[in-house]
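Trainee: Let's see this in three dimensions:
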Amino acid sequence: MTTLAATLADLGDALAEDVSHAVAGDGMRAVDDAEVLSTLAVAARLRQLAEAVIVEAVAALIDRDDMTPRPDRTTTRHGCRSTDELVQRATRVSSLTASEIVLAAKAVRRSVAPSTGELLPAEFPGMRDALISGHTGLDGLVAVAGAFRGALIGREQLLAADEELSAACSGEGVESGGPVSADEARAMAQVWATYLDQDGAEPAEHRSMRRRGFTVGRRGDDGLVPVRGGLLPEVAAQLELGLDSILNPRVDGAPAPGPCFAENVDSADSSNPSDAAADTRTAAQKRHDALAVLLSAAAASGQLPTLGGAAPTLVVHVREEDLATDRGSAHLPGRDQPISITAARHIACTGAVQRAVLSASGRVVSLGTIDRIFTHHQRRAITLRDGGCLIPGCDVPPQWCEIHHVHEHSRGGPTHTDNGVLLCWFHHRTIDTGGWQIRMIDGIPHVRGPSWWDAQARWRPATKSPTVRRERIAMRR
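Mentor: Numbering: from 1, shown residues only. All right, here's what the predicted structure looks like:
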């Protein structure tokens, strides 16, 4: 009889050969973007399935140790103080990852009832199925299970949340927006936990208030002054916003807020935006784009000194015919080199258009202004509805986002909440070329992604607002 370990060993050997060809042999360089993205997706699923085996193995160890006296436990016999240490030694992962594996194993293990020997259901049976099927991995499972730690929730309520969260991980949820990432699963789980445990946050609030503090130590021999303490969540959030406004740190792999001035790639089919690749900007390019956001935010703050009696405003000159036909070029005052119509259109989408009519000789005949800027009240309402950049997987918060006219203003689209959606500057700048499409249905934004993200190309309702998500949960319940 072939054991699971032997089967996995054979699979590992076969995979090692392919890895040697693709990585050591630079085989990945010879394939196109679609093949690279497909390989990435398949490899991620293999990783998740491998994590399912790891989690189940650790669950078996936990279950056995629970029914065994301490001297005879697996951890004790292998010289480890805890299951976390045993997992770390066996897998060579970090201590943090080892603790996450143990947390995941406890969330999905099927323990045996001591009195009857009956196999009991897992705490999160839906997430267990999602793990086994490869629809989620360790990080997704930990994100969901961690959100409910310490929450006072009945079993029936927890199962209802588990059912919907596991469905979201597989892309088959009630409000399916495609398979969600671990961060999105965490956000959804936190909404469920808050909704089901109405009083859960209050005791934690009292504990946080008692333990809050910030201490500045004495200067050490190394010339540094140590600091330590704990901040309330709202204080930490305000501090992070202040730091982000200057440094804007981003996690590697996540799109930094800002435009992406991407060049056209010869291998990309410009007639099929769905074939566009994911964000491939370098770190230097992301810093440039983040700087563009900071400059725009500073100019719009109203706190900068005026120039010529008005706030510093970026002005773009373009012929009306060129803007309407997407042909020609635009200019910045005082700059000889032109800019693209795409850049002009992007600036016009978030600003105001002032129409100046000149005679054949160049004389200014008339001057008018067409107001197309969303008001502060409209922006607050759109923020409540959208919660951030609508593009799935983009975690840019609403305060960094611009409001995009879904139906372009230049083509008759109104400046109305039913025609405006939140997009970060990066996705706003590339909305016509990045493969993502947006439309409004009864005032609700719907998103359709590129083929590498969703092969079925379905329109999906989109929101990242915890308030809206919680209200929809309440309506269904």
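Trainee: model confidence over the strand or helix carrying Thr467, on average?
Mentor: Thr467 is part of helix 466-476 when elements are defined by DSSP states H and E. Confidence over helix 466-476 (mean pLDDT, whole number) is 83.
Trainee: what sits up against it?
Mentor: Contact partners of helix 466-476, identified using Cβ atoms under 8 Å, 6 or more residues apart in numbering, comprise 164, 174-175, 187-188, 190-192, 194-195, 384-385, 387, 463. Any C-beta I mention is one placed from the backbone N, CA and C, and that applies to glycine too.
Trainee: Any of the residues you listed buried? List them.
Mentor: Among these, those scoring as buried are Glu164, Glu175, Ala187, Met188, Gln190, Val191, Trp192, Thr194, Tyr195, Arg385, Gly387, Thr463 (criterion: 16 or more other Cβ atoms under 10 Å).
Trainee: Now tell me which of these the prediction trusts least.
Mentor: Lowest pLDDT among the buried ones among the contacts of helix 466-476: Glu175, 67.
Trainee: The nearest residue to Leu138 once chain neighbours are set aside: neighbouring residues, count only.
Mentor: Among residues not flanking Leu138 along the chain, Glu51 sits closest, at 4.3 Å (Cβ to Cβ, 6 or more residues apart in numbering). Using other Cβ atoms under 10 Å, Glu51 has 20 neighbouring residues.
Trainee: did I read that right, Glu51 in a helix?
Mentor: Yes - counting by DSSP: H, G, I helix; E, B strand; the rest coil, Glu51 is part of a helix.
Trainee: distance of it from Ala187?
Mentor: Distance of Glu51 to Ala187, given as Cβ to Cβ, to the nearest Å: 21 Å.
Trainee: ditto for Val318
Mentor: Noted for Val318: a distance of 40 Å to Ala187, by Cβ to Cβ.
Trainee: Just the C-alphas of the helix holding Thr467, formatted as PDB.
Mentor: Extracted in PDB, the C-alpha atoms of helix 466-476 (Å, rounded to 0.1, in the frame of the first residue of the first chain):
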ATOM      1  CA  PRO A 466     -17.300  47.300   6.000                       C
ATOM      2  CA  THR A 467     -20.500  49.300   6.700                       C
ATOM      3  CA  VAL A 468     -22.200  48.200   3.400                       C
ATOM      4  CA  ARG A 469     -21.000  44.600   3.900                       C
ATOM      5  CA  ARG A 470     -22.400  44.500   7.400                       C
ATOM      6  CA  GLU A 471     -25.700  45.900   6.300                       C
ATOM      7  CA  ARG A 472     -26.000  43.200   3.600                       C
ATOM      8  CA  ILE A 473     -25.300  40.500   6.200                       C
ATOM      9  CA  ALA A 474     -28.000  42.000   8.400                       C
ATOM     10  CA  MET A 475     -30.500  42.000   5.500                       C
ATOM     11  CA  ARG A 476     -29.800  38.400   4.700                       C
END
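Trainee: Report the buried residues of that helix.
Mentor: For helix 466-476, burial by neighbour count (16+ other Cβ under 10 Å) applies to Val468, Arg469, Arg472, Ile473.
Trainee: and the residues you listed as a markdown table, adding distance to Arg149?
Mentor: Output for those, formatted as a markdown table (distance: Cβ to Cβ, whole Å):
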| residue | distance to Arg149 |
| --- | --- |
| Val468 | 25 |
| Arg469 | 20 |
| Arg472 | 24 |
| Ile473 | 20 |
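Trainee: so which pair among those residues is furthest apart in space?
Mentor: Spanning the widest gap among the buried residues of helix 466-476 are Val468 and Ile473, at 9.9 Å by Cβ to Cβ.
Trainee: just checking, what packs against the strand or helix carrying Ala6?
Mentor: If you go by DSSP H and E, Ala6 is part of helix 4-19. Contacts defined by 3 or more Cβ pairs under 8 Å, 6 or more residues apart in numbering; DSSP states H and E place helix 4-19 against helix 33-66.
Trainee: Tell me the gap between the helix it packs on and the middle of its chain.
Mentor: The chain centroid and the centroid of helix 33-66 are separated by 21 Å under Cα atoms, centre = their mean, to the nearest Å.
Trainee: Give me the mean pLDDT for that helix.
Mentor: Mean predicted lDDT for helix 33-66 stands at 89.
Trainee: What residues of stretch 19-34 count as buried?
Mentor: Result for stretch 19-34 [16+ other Cβ under 10 Å]: buried residues Ala22, Asp33.
Trainee: quick check: mean pLDDT across stretch 402-421?
Mentor: pLDDT averaged over stretch 402-421 gives 85.
Trainee: okay, and the helix or strand of this protein with the least pLDDT?
Mentor: helix 283-300 (a mean of 56; mean pLDDT, DSSP states H and E).
Trainee: Tell me which helix or strand comes right after that one.
Mentor: Beyond helix 283-300 in the direction of the C-terminus, DSSP H and E gives the next helix or strand as helix 320-325.
Trainee: Return the distance of that next one from the chain's centre.
Mentor: Computed by Cα atoms, centre = their mean, the chain-centroid distance of helix 320-325 equals 36 Å.
Trainee: Report the buried residues of that helix.
Mentor: By 16+ other Cβ under 10 Å, the buried positions in helix 320-325 come out as Leu323.
Trainee: Need the CA coordinates for that helix. PDB is fine.
Mentor: Output of helix 320-325 as PDB, limited to C-alpha atoms (Å, rounded to 0.1, in the frame of the first residue of the first chain):
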ATOM      1  CA  GLU A 320     -11.200  70.200 -27.700                       C
ATOM      2  CA  GLU A 321     -11.200  68.100 -30.900                       C
ATOM      3  CA  ASP A 322      -8.000  66.300 -29.800                       C
ATOM      4  CA  LEU A 323      -9.500  65.500 -26.400                       C
ATOM      5  CA  ALA A 324     -12.800  64.200 -28.000                       C
ATOM      6  CA  THR A 325     -11.000  62.000 -30.600                       C
END
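Trainee: helices or strands up against that helix?
Mentor: Helix 320-325 packs on helix 341-350, going by 3+ Cβ pairs under 8 Å, 6+ apart.
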